[in-house]
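Visitor: Turn this into a model:
(one chain, ligands or ions: 2)
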Amino acid sequence: MQRITGSFETSGRDGEGLIAAFRAATKRFGDVVAADALTLGIVRGEFLSFLGPSGCGKTTALRMLAGFETPTSGEVFLDGEEVSAVPPYRRPVNMVFQHYALFPHLTVAQNIAYGLWQRRPRPERAEIARQVDRALAMVRLSGFGPRRIWEMSGGQQQRVALARAIVNEPKILLLDEPLAALDRKLRREMQIELQTLQRELGITFVLVTHDQEEALSMSDRICIMRGGRIVQIGAPADLYDRPHNRYVADFVGKSNFVDGVLREVSGALGRIETAQGLGLGGRMGGPVAPGARVTLSIRPEQIGLARAAQPGAEPVSVVNRIFLGEHTEYLVRHAQLGDLLVLVPRQAEAGAGGFAPGESAFASWHPDAALILPQD
Ligand SMILES: Nc1ncnc2c1ncn2[C@@H]1O[C@H](COP(=O)(O)OP(=O)(O)OP(=O)(O)O)[C@@H](O)[C@H]1O
Ligand SMILES: [Mg+2]
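Guide: Ligands and ions are numbered 1, 2, ... in the order given. All right, here's what the predicted structure looks like:
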């Protein structure tokens, strides 16, 4: 048996405490490199998400963990063993597929019980029924056991698929877009349900999603992918506050971007020059040398709007105002920077009131809140 050894730089951890790991795992399909030298450790008991656009290799990464794909090169470890050649049914994992594959000729309860019936020794009939009922309750489908799969809606089928995986109490639960078919409200409820479940069962969850809100709200760590590679991995707040490049800043949360050339660096601060010759200061978000093309990223909630000019404030005109309850979203136009999105909390608009479209205003932000990022 080969132990997980060596360091997994991407995660900043060594093999200790890991339930699974990829080491330089690459998967090619013909000319397509679906996973490109993935190196990543998955910590026992964590909730990890793979986040990225369609086709970036999320499902491929999950399928390599489950054993449905064998890496073209590199290795996959599970629970301390190198498992690249171990078939799926011998791995201590269960996967909920992007296209949930239920048995259409079986009832809901029979679908969920399937894995338990396969167990040797087989549990008592009453014990199986009890566990099926518990799993049904967890996915809010109590009483649906006798139904046929075709009598269930898409969202209900998705929850049956989830219950079928949970009931086996795997060491790792792999979830490929498990909530995609649900409406917004049920989706939110199931997200909370899944988090609770994960804590209660102490199972490691690996979730694939292209929904950043879902990843941010549920995960201990998020692994951002692009073109088969890991771009950055970290806790949600880490990725939001300290993105390594423009791609991550764009993928996690909303941001305003101003392109330019880095002119000077002094400690943690830098100064960029836009194409129109405007100089703007910011905090260095990555190792970039003067002369390089960079992007200044400013989160909409970091920009303040005022009626009176202040030193360093930029004159803008209000293009659009959308009232969103607890805050107001403004689109403002700057002669050189273009359109900027600004989020103003309700409280800040108390006294003076909001701005109307067409009004002039002054936009300002603290230089610390503007991040200078590499463009790639
Ligand atoms: N069996 C296969 N044969 C050939 N190419 C494949 C196969 N599976 C995946 N690919 C390709 O590998 C790349 C990554 O696919 P993958 O399914 O991992 O993406 P994904 O991130 O899960 O995307 P989505 O969000 O659309 O599900 C894509 O370019 C895809 O076309
Ligand atoms: Mg996929």
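Visitor: In the stretch 101-250 of the chain, what residue lies closest to ligand 1?
Guide: Nearest residue of the stretch 101-250 of the chain to ligand 1: His210, at 5.1 Å (Cβ to the nearest ligand atom). Using the backbone N, CA and C atoms, a C-beta is placed for each residue, glycine as well.
Visitor: Now do Asn277 against Glu264, distance only.
Guide: Check again: residue 277 is Gly, not Asn. For Gly277, the distance to Glu264 (Cβ to Cβ, to the nearest Å) stands at 15 Å.
Visitor: More neighbours: which of the two?
Guide: Glu264 (12 against 8; other Cβ atoms under 10 Å).
Visitor: Checking that one next. Helix, strand or coil?
Guide: strand (DSSP: H, G, I helix; E, B strand; the rest coil).
Visitor: Can you name the residues of this structure that neighbour ligand 2?
Guide: Counting by Cβ under 5 Å from the ion, the positions of the chain adjacent to ligand 2 are Thr59, Gln98.
Visitor: what's the domain layout of the chain?
Guide: Structurally, the chain divides into domains by automatic domain parsing as follows: 7-241, 254-374.
Visitor: Need these in JSON lines (columns: mean pLDDT).
Guide: Listed next are the domains of the chain as JSON lines, based on pLDDT from 0 to 100:
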{"stretch": "domain 7-241", "mean pLDDT": "90"}
{"stretch": "domain 254-374", "mean pLDDT": "92"}
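Visitor: okay, those domains, which one's buried deepest?
Guide: domain 7-241 (a mean of 18; mean count of other Cβ atoms under 10 Å).
Visitor: thinking in terms of the whole chain, how far from its middle is that one?
Guide: Distance, stretch centre to chain centre, for domain 7-241: 13 Å (Cα atoms, centre = their mean, to the nearest Å).
Visitor: Stretch 346-356 now?
Guide: 34 Å.
Visitor: and if you look at stretch 348-365?
Guide: So, by Cα atoms, centre = their mean, the centroid of stretch 348-365 is 33 Å from its chain's centroid.
Visitor: Send me it as CSV with only the CA atoms.
Guide: What follows is stretch 348-365 as a C-alpha-only set of coordinates in CSV (Å, rounded to 0.1, in the frame of the first residue of the first chain):
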residue,chain,number,x,y,z
ALA,A,348,-25.6,55.2,3.7
GLU,A,349,-28.6,56.7,1.9
ALA,A,350,-30.5,57.6,5.0
GLY,A,351,-30.3,61.5,5.4
ALA,A,352,-29.4,62.8,1.9
GLY,A,353,-31.4,60.2,0.0
GLY,A,354,-30.3,58.4,-3.1
PHE,A,355,-29.1,59.6,-6.5
ALA,A,356,-31.4,59.9,-9.5
PRO,A,357,-30.3,58.9,-13.0
GLY,A,358,-28.7,61.9,-14.7
GLU,A,359,-27.3,63.3,-11.5
SER,A,360,-23.6,64.1,-11.0
ALA,A,361,-21.8,62.6,-8.1
PHE,A,362,-18.3,61.8,-6.9
ALA,A,363,-17.1,58.2,-6.5
SER,A,364,-14.3,57.3,-4.1
TRP,A,365,-12.7,54.3,-2.7
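Visitor: can you start the count at 24 instead of 1 from here on
Guide: Fine by me, first position is 24 from now on; the one you just mentioned is stretch 371-388.
Visitor: Need the contact partners of it.
Guide: For stretch 371-388, contacts defined as Cβ atoms under 8 Å, 6 or more residues apart in numbering pick out 321, 325-333, 335-344, 346, 351, 353, 355, 357, 363, 365, 367.
Visitor: Then stretch 301-321?
Guide: So stretch 301-321 is in contact with 265-269, 272, 278-288, 291-297, 359-360, 363, 388, 390-398, going by Cβ under 8 Å, 6+ apart.
Visitor: separation between Thr82 and Glu98?
Guide: Distance from Thr82 to Glu98, counting by Cβ to Cβ: 19 Å.
Visitor: ignore the last one, Lys208
Guide: 42 Å.
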